[in-house]
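1. Predicted model and sequence below, questions to follow.
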Amino acid sequence: MFKKIFSKKKKENLDKGLEKTKQSFFNKLSKAVAGKSKVDDEVLDELEEVLITSDVGVDTTLKIIDRIEKRVAKDKYLGVSELNQILREEIAALLAEQEKKEEQTFTPENTKPYVIMVVGVNGVGKTTTIGKLAHKFTEEGKKVMLGAADTFRAAAVDQLQIWADRVGVPIVKQKMGSDPASVVFDTLQSAKANDIDVVLIDTAGRLHNKINLMNELSKIKKVMQKIVPEAPHEILLVLDGSTGQNAFEQAKQFTKATDVNALAVTKLDGTAKGGVVIGISDQFSIPVKYIGVGEKVEDLQDFDKFEFVDSFFKES
């Protein structure tokens, strides 16, 4: 498995990254329960609105409300002062149930080269996420290579080259407009020849024609498998957390277009929409593996549900 060491520094970064989300959520929550002493139907209606407007998503919100209703029925009396703790417990329990569904056959420790195909619309932080992942794996002592298969956008290859130089890893690229599958073929051949541990492949982020996108990603996968039969081991979808419900829509579209088996949610530090991570983690049977909580290279963190919920509900 990936290392999941949650240092004090990482926890502080997570707390700071979720500050806007937390403030917004608790401001709404305190207004919702003002003047109330116990959790009743009216409070639950208000809570439902708070969760939905915090981008948790309708389906996940209804699950959370249902769980709290059961707690109220069982305990007969619950004061609003306990609501914070109850919410924390029920959201953590809900996400823990999802965790049981998340299994991963391949890991970078037992597969070489471990191939990650990174997908997502332009502007979500895809290239930056690749650069930060390259840094993470390099810090773990792995040999990393980048493949610049987003050959349709002029800036994409240049941006990836900047990250390759910054992190100190090799990159395989061709001129703009080249066949992406050809870039992938060259990348994996080079990775095998150079005993590379992890390969990160950037792909085009166009969603305007889903058929083209689907065909292109399918072609890339077929070419990969000529060199590395099980590749890609991971199809990582990058979502911009600051877009809230739009991130849900992107997840739906991409999961239809290709076999996404991991998610990264970026840009959580600049938004009050961090609740979207709870909804996405619950609604898709795909693990959220990484979250972006800042611009620094170390601010792409392994997603730990319980640390996330703890930071979300941490009292200032």
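-> Arrived safely.
2. can you give me the helices in the stretch 101-250 of the chain?
-> Remark: helices assigned in the stretch 101-250 of the chain by DSSP state H, counting those that start in this stretch are 126-139, 154-167, 180-193, 210-227, 245-257.
3. So for residue 301, which of those sits nearest?
-> For residue 301, the closest of the helices of the stretch 101-250 of the chain is helix 126-139, at 9.3 Å, according to Cβ to Cβ. In this view, the C-beta of every residue, glycine as well, is placed from N, C-alpha and C.
4. Now do the same contact list for the spatially closest residue to residue 87 that is not a sequence neighbour.
-> Excluding the flanking residues, the one nearest residue 87 by Cβ to Cβ, 6 or more residues apart in numbering is residue 313, at 6.7 Å. Taking Cβ atoms under 8 Å, 6 or more residues apart in numbering, we find residue 313 in contact with 22, 84, 85, 87, 88.
5. Just the buried ones out of those, please.
-> The neighbour-count criterion (16 or more other Cβ atoms under 10 Å) marks 22, 84, 87, 88 among the contacts of residue 313 as buried.
6. Just say helix, strand or coil for the first one.
-> Just to be clear, that refers to residue 22. What DSSP: H, G, I helix; E, B strand; the rest coil gives for residue 22 is helix.
7. returning to what we had before: by pLDDT, rank the contacts of residue 313 and give me the bottom one.
-> In terms of pLDDT, the weakest of the contacts of residue 313 is residue 84, which scores 84.
8. quick one: that residue from residue 27, how far?
-> 13 Å (Cβ to Cβ, to the nearest Å).
9. Check residue 62 too.
-> Using Cβ to Cβ, residue 62 is found at 23 Å from residue 27.
10. got it, and residue 286?
-> Separation of residue 286 from residue 27 (Cβ to Cβ) stands at 31 Å.
11. Over to residue 69?
-> Noted for residue 69: a distance of 24 Å to residue 27, by Cβ to Cβ.
12. who's the spatially most central residue of the chain bridged to?
-> Averaging the C-alpha coordinates of the chain gives a centre point, and the residue nearest to it by Cα atoms, centre = their mean is residue 264 (2.0 Å). Note on residue 264: beta-bridge partners by DSSP bridges are residue 238, residue 290.
13. so it makes contact with residue 287?
-> No: Residue 264 lies out of contact with residue 287 (Cβ atoms under 8 Å); the separation is 10.4 Å.
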